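> here is my input, please return the structure:
(2 chains)
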Amino acid sequence: MIELKGVTRRFGEAVAVDNIDLTIETGEVCVLVGSSGCGKSTTLRMINRLLPRTSGEILVDGEDINKADPEALRLNMGYAIQSTGLFPHWTVARNIGVVPTLLKWPAQKRDERVTELLALLGLDPETDARKYPHQLSGGQAQRVGVARALAGDPNILLMDEPFGALDAITRENLQQEMLRIQRQLNKTTVFVTHDIDEALKLASRIAVMDQGRIIQHDTPEAILRRPASAFVENLIGKGDRGLKLLALRTVSDLMERHPEPRYSEPGSDSLNESDSLRIALSMMLWTNTERLAVLDATGAEVGIVNREQLLKVGA
Amino acid sequence: MPSSTGLPNRVIPVLALAAFVLVWLLNLGVVQPNRIVAGAGYGLFGATGWLGAGIVSSLLFVAVVLATKPIRNRFWVLSFLLTAALMSLPLLLEVFALRKLPADSAYARIGIGAGFWCLAFFLALMLLETLSQLKASRRLQLSVVLLVAAGWWLCAAREGLSSLSLIREYANRADQFSQALTVHLSLSLGAVAISAVLAFGLALAMVRRERLRRPLLGLVSFMQTIPSLALFGLLIAPLGALSAAFPALQALGIRGIGWAPALLALIAYSLLPMVRNTYVALMEVPEPVVDAGRGMGMSERQVFLQVKLPLALPVIIEGVRITTIQAIGLTAVAALIGAGGFGTFIFQGLGQAAMDLVLLGALPTVFLALAADAILSALKFQETPR
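A predicted model of the protein is given here:
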């Protein structure tokens, strides 16, 4: 658990972070979202003491972080940044192994961990491990960046716009990977982004920041349904709020489940269990149908979604 | 084999043509009655007769043919041919000495003419172009250079070339030559080593304290602007006074003239390129990389030793390379204030109007600079992050 109590950070006269209180529960993904200069990166960098705070208190599992040795503190917090910050003179394997090396793990344990992480992030442990960062694509480099952050098996993960510089498709892929990895590992994560869609997708709770303050700290659904101010309303966009709400839930939440899986006609219009309700609605509009079959990963029909119910949820 | 090797090469024919014209127009060598009188020049034909002129001309002709016709493995053949030609080039002078040197005169000697230098220069350029066409590895390039050097060494040791003026000057001063080599190397490399340590400290101070950057860079740039001769001269008076005041310094050999002012001046000149490159190299390590290092939990020391320094090293080595070449050249000038080294031969030769004595000082200086360049370039290449 991370607790920020009355934390302020000034750069000279300017106030970057203004007396914020924020509690991040163990295992949850807290996304700090806001426009550039709102203090979200500054807040993140105060948690691992890359920036000292001007006043206030930051506690990790009840302990004031200023009492710990900064290097020891950071070794227990994975750190991934937008420009990856991979060491260009080291191979991918050595880059990922940096924290285990700093923690003085035995070489064999470290190498096993590197191989494990390469596989977890969808990289080839044979060929990619020996590459240098400049030989990687932007998406691959960012995967290595995330693997490096996870390598020391830290309790806490700090991510500063890690997917900000990627193209839309690669970013989408990496967000999916993040969700999958988070379901597996359950790390307490602080994630900074300026992209509200990324925030809605990844967060268990979102903290909206503006001018150094936290305007609203709540679940994605609550933020969409009850924006605290005009600023938040603008940020989430008034026009497609309903669609964003639908995007938060998957088809499997809503479908009428069949008592047992049925055989489905190949090629007919259907949804997957993991598709969002937004996709379900879009598909219904496109095919002009009231009901759509839902398939599981094996292709068997496991349920039905109907339009009337779907529209009720969105309201 | 790459497709480009099938096309006619334009560079080698042009070089071969230039070599052909110059070697026929200019004097290949000179016969001097003694070491000071200018003597009579001989062209390629006059110096080496039909045989020598024929071999040189047909070699250049074969090079043009090989470069332009699509013959298999032609660049390999060409590089072999050119290396062999360069290795045995001094034999031309031996033939010349055999034919034209008066047998009855003990002081007569032969000098090297412009034609010979031009031929050597253009053959070397052709070899360079051939090696780049072959995309030769560093190891192959180095072995070619060593082969040519060994060829010249073996030729110089032959009895037939003992009448070569350059070799006579060397024979008269063999002891002084090896002493000059020692002094030249220890002065220039010593200055580079000391200024490298100083420059590293200064650059680190500048990185830590931004305020120091302008005054420090200003100071080392200012030292670079003083003409070298003036700096050598300017140091004589204060060092002379110092050693007069402290006999202990005198016992160490520190006097107004000699190695002490030379070393100080060389260090002063070496500081600018070294400080500037080290500073720029350390400052240009990308900020996100340093940030990531810290964020991962590296200590400042680990960030410096494992991230900043390795990334800065190629540029720092480049600074050392520039400085070393510059120091080897400047050490020759330091002979004027009695520091010794190859400059001694140059200034003696100038004083006695004996050009081959000047060459005896100048050629090894150039060779040392080229060797330093090659070694440090190779080191830099090895350290550059792939």
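> helix/strand/coil for the closest residue to residue A:186 other than its chain neighbours?
Distances taken as Cβ to Cβ, 6 or more residues apart in numbering or on different chains put residue A:27 closest to residue A:186, at 4.5 Å, once the chain neighbours are dropped. C-beta coordinates here come from the backbone N, C-alpha and C atoms, glycine included. Judged by DSSP: H, G, I helix; E, B strand; the rest coil, the three-state class of residue A:27 is coil.
> domain parsing for the chain?
As the question left the chain open, I've gone with chain A. Domain assignment for chain A by automatic domain parsing gives A:2-244, A:249-314.
> chain B was what I was after
B:3-172, B:174-383.
> can you name every helix or strand that the helix or strand containing residue B:121 contacts?
Using DSSP states H and E, residue B:121 sits in helix B:114-133. Applying 3 or more Cβ pairs under 8 Å, 6 or more residues apart in numbering or on different chains; DSSP states H and E, we find helix B:114-133 packed against helix B:11-25, helix B:44-68, helix B:74-87, helix B:138-156.
> how far out from the middle of the chain is the longest one?
Spelled out, that is helix B:44-68. Once both centres are worked out by Cα atoms, centre = their mean, to the nearest Å, helix B:44-68 turns out to sit 29 Å from its chain's centre.
> and it, what does it pack onto?
Using 3+ Cβ pairs under 8 Å, 6+ apart, the elements in contact with helix B:44-68 are helix B:11-25, helix B:74-87, helix B:90-100, helix B:114-133.
> and the angle from the last one to helix B:74-87?
Just to be clear, that refers to helix B:114-133. 150 degrees (axes from the mean of the first three to the mean of the last three Cα atoms, to 10 degrees).
> okay, and the residue in the stretch 151-300 of chain B that chain A sits nearest to sits in which element?
Chain A sits closest to residue B:292 of the stretch 151-300 of chain B, with a gap of 2.7 Å, by Cβ to the nearest Cβ. Using DSSP H and E, residue B:292 sits within helix B:287-296.
> quick one: contacts of that helix?
By Cβ atoms under 8 Å, 6 or more residues apart in numbering or on different chains, the residues outside helix B:287-296 that reach it are A:48, A:50, A:74-75, A:79, A:81-88, A:98-99, A:102, A:148, A:158, B:300, B:302-303, B:306-308, B:311.
> hmm, back to that, reformat the domains of chain B as CSV; add mean neighbour count.
Converted to CSV, the domains of chain B look like this (neighbours: other Cβ atoms under 10 Å in any protein chain shown):
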stretch, mean neighbour count
domain B:3-172, 17
domain B:174-383, 18
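> make TSV out of these and add mean pLDDT.
Below are these laid out as TSV (pLDDT from 0 to 100):
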stretch	mean pLDDT
domain B:3-172	86
domain B:174-383	88
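> I figured residue B:87 hits residue B:152, correct?
Yes. In this structure residue B:87 lies within contact range of residue B:152 using Cβ atoms under 8 Å: 7.3 Å.
> how about the residues of chain B near chain A?
Proximity of chain B to chain A, by Cβ under 8 Å from any Cβ of the partner chain, involves residues B:286, B:288-289, B:291-299, B:302, B:306-307, B:310-311, B:385-386.
> now with 6 Å?
Residues of chain B lying close to chain A by Cβ under 6 Å from any Cβ of the partner chain are B:288-289, B:291-292, B:295-297, B:299, B:310-311, B:385-386.
> between the residues you listed, which sits nearest residue B:30?
residue B:386 (51.4 Å; Cβ to Cβ).
> pLDDT at the closest one, what is it?
With respect to pLDDT, residue B:386 scores 51.
> go through chain B and flag its longest helix.
In terms of residue count, the longest helix belonging to chain B (DSSP state H) is helix B:174-208.
> distance-wise, check residue A:87 relative to residue B:292.
8 Å (Cβ to Cβ, to the nearest Å).
> can you check residue B:8 too?
Counting by Cβ to Cβ - residue B:8 and residue B:292 are separated by 52 Å.
> equivalent analysis for residue B:92, please.
From residue B:92 to residue B:292 the distance is 62 Å (Cβ to Cβ).
> contact partners for residue B:170?
residue B:360 (Cβ atoms under 6 Å, 6 or more residues apart in numbering or on different chains).
> so where does it fall, helix or strand?
In this structure, residue B:170 is located in helix B:165-172 according to DSSP H and E.
> what residue ranges in the stretch 201-315 of chain A score low on pLDDT?
Applying pLDDT under 70 to the stretch 201-315 of chain A flags residues A:314-315.
> which residues in it form helices?
Secondary structure of the stretch 201-315 of chain A (DSSP state H, counting those that start in this stretch): helices located at A:220-225, A:230-236, A:241-248, A:251-254, A:277-287, A:307-314.
> I'd like to know which elements the third one is packed against.
Going back to what we said before, that points to helix A:241-248. Judged by 3 or more Cβ pairs under 6 Å, 6 or more residues apart in numbering or on different chains; DSSP states H and E, the packing partners of helix A:241-248 are helix A:220-225, helix A:277-287, helix A:307-314.
> again, but for the second one
Using 3+ Cβ pairs under 6 Å, 6+ apart as the contact criterion, the neighbours of helix A:230-236 among helices and strands are strand A:213-218.
> what does the strand it packs on rub up against?
The contact list for strand A:213-218 (Cβ under 6 Å, 6+ apart) reads A:18, A:20, A:207-208, A:228-229, A:231-232.
> among those residues, which ones are buried?
With neighbours counted by 16 or more other Cβ atoms under 10 Å in any protein chain shown, the contacts of strand A:213-218 contain buried members at A:18, A:20, A:207-208, A:232.
> just put those in JSON lines and tack on distance to residue B:194.
Rendered in JSON lines, the data for those read as follows (distance: Cβ to Cβ, whole Å):
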{"residue": "A:18", "distance to residue B:194": "53"}
{"residue": "A:20", "distance to residue B:194": "54"}
{"residue": "A:207", "distance to residue B:194": "57"}
{"residue": "A:208", "distance to residue B:194": "60"}
{"residue": "A:232", "distance to residue B:194": "64"}
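> residue B:250 touches residue B:241, doesn't it?
No. Counting by Cβ atoms under 6 Å, residue B:250 sits too far from residue B:241 to count as a contact (11.7 Å).
> for residue B:260, state which of the residues of chain B next to chain A is nearest.
residue B:310 (36.5 Å).
> how about the closest one, nearest residue that isn't a chain neighbour?
Closest residue to residue B:310 apart from its sequence neighbours, by Cβ to Cβ, 6+ apart: residue A:89 at 5.1 Å.
> part of a helix, is the one you found?
No. Read with three-state DSSP, residue A:89 is coil and lies in no helix.
> what's the local residue count around it?
20 (other Cβ atoms under 10 Å in any protein chain shown).
> please save the CA atoms from stretch B:299-317 in CSV.
Output of stretch B:299-317 as CSV, limited to C-alpha atoms (Å, rounded to 0.1, in the frame of the first residue of the first chain):
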residue,chain,number,x,y,z
SER,B,299,23.9,4.3,-6.9
GLU,B,300,25.5,7.4,-8.4
ARG,B,301,28.8,5.6,-8.6
GLN,B,302,27.2,2.6,-10.4
VAL,B,303,25.4,5.0,-12.8
PHE,B,304,28.7,6.7,-13.6
LEU,B,305,30.9,3.6,-14.0
GLN,B,306,28.3,1.3,-15.7
VAL,B,307,26.3,3.7,-17.8
LYS,B,308,27.8,7.2,-18.3
LEU,B,309,31.5,6.2,-18.7
PRO,B,310,31.0,3.3,-21.1
LEU,B,311,28.7,5.5,-23.3
ALA,B,312,31.1,8.4,-23.2
LEU,B,313,34.2,6.3,-23.8
PRO,B,314,34.3,6.5,-27.7
VAL,B,315,34.2,10.3,-27.7
ILE,B,316,36.8,10.4,-24.9
ILE,B,317,39.1,8.1,-26.8
